[in-house]
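> Could you look at this predicted model? Sequence included:
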Amino acid sequence: MVKKRKSATFYLAILNVLVFVVNVAMGGGNRFWIFMTGGGYLREYGEANLTIVTEQGQWWRLLTCGYLHMGIIHLVGNMAALEIIGTKIEKKIEPVRMFLIYNLGMMLTAFLWCLIFPEGWTVGASPGIFVLLGMLCVMLWEKNEKRIIGLSRYDKGYLLFYVIAGCFLGVGTIVGHLIGFIIGILVGGFYGKFLYTRVE
């Protein structure tokens, strides 16, 4: 009997949802407003900005910002994309490796974004998700991997919607997604041979 491996995608989604629930429960304003906009105490102490990260040394914000969301719609949209992409990635990469790539890629993306927009503040899981999307595109480039990874018509449709929808959220969002995607392509392209391990 083959022991089923733990899913990094599942734990990443649980962490994102848990942070959102805790943020709403802690308050810091009207709870319905927090539910819809993602404001509140955790957002205040977790989002990333260049000055507060570098000059005040709060580097941990590069990680925490990726687990905060601007409301329930933002959270659901990201988690749906994470579920599709993450489960496909885990067909080729060990869960622990994927978990590390997601978080390190998200932190690097957040830092580069802060350098480009030094006055801005960033939150959201999409930079990490776009890192995985970049890796997935590299995997799909190999003909024999399309069958193994197996994207359904629903998967393709939602991911297309996800990418296009992000383009309507402003230049900052587009840049953040693009940075994450490029990092994912670089990781998948240059280090894929060392990372990929069949886990089916």
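Perfect, thanks for sending it. Numbering: from 1, shown residues only.

> all helices for the protein, in order.
8-26, 31-37, 41-46, 50, 61-64, 72-89, 95-116, 126-141, 143-149, 153-166, 171-190, 192-195 (DSSP state H).

> which stretch in those helices is the model least sure about?
Per-stretch mean pLDDT for those is lowest at helix 143-149 (a mean of 57).

> List the contacts of Glu47.
Contacts for Glu47 (C-beta atoms under 8 Å, 6 or more residues apart in numbering) come out as 61, 64-65, 68, 121-123. Heads up, the C-betas are built off the backbone N, CA and C, glycines and all.

> of those, buried ones?
Buried members of the contacts of Glu47, counted by 16 or more other C-beta atoms under 10 Å: 61, 64-65, 68, 122-123.

> In JSON lines: these, plus distance to Phe20.
JSON lines is the format used below for the buried ones among the contacts of Glu47 (distance: C-beta to C-beta, whole Å):
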{"residue": "Arg61", "distance to Phe20": "17"}
{"residue": "Thr64", "distance to Phe20": "13"}
{"residue": "Cys65", "distance to Phe20": "13"}
{"residue": "Leu68", "distance to Phe20": "8"}
{"residue": "Thr122", "distance to Phe20": "16"}
{"residue": "Val123", "distance to Phe20": "11"}
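
> Among those, which pair sits farthest apart?
Thr64 and Thr122 (10.9 Å; C-beta to C-beta).

> residues shared between the contacts of the two?
In the contact map built from C-beta under 8 Å, 6+ apart, the residues linked to both Thr64 and Thr122 are 47-48.

> Setting aside sequence neighbours, what's the nearest residue to Gly189?
Val138 (5.2 Å; C-beta to C-beta, 6 or more residues apart in numbering).

> How about Ile84?
What sits nearest to Ile84 in space, not counting adjacent residues and going by C-beta to C-beta, 6+ apart, is Asp155, at 4.9 Å.

> burial count for the one you found?
By other C-beta atoms under 10 Å, the residues close to Asp155 number 17.

> Give me the phi and psi for Leu68.
Main-chain dihedrals, Leu68, degrees, to the nearest 10: phi -110, psi 150.

> One more: the one 3 residues further on?
For Gly71, the backbone dihedrals are phi 100, psi 170 (criterion: degrees, to the nearest 10).

> Could I get the contacting residues of it?
Here Gly71 is in contact with 35-38 (C-beta under 8 Å, 6+ apart).

> Mind putting those residues into a markdown table with neighbour count and distance to Ile101?
Converted to a markdown table, these look like this (neighbours: other C-beta atoms under 10 Å; distance: C-beta to C-beta, whole Å):
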| residue | neighbour count | distance to Ile101 |
| --- | --- | --- |
| Phe35 | 17 | 31 |
| Met36 | 15 | 31 |
| Thr37 | 17 | 30 |
| Gly38 | 23 | 25 |
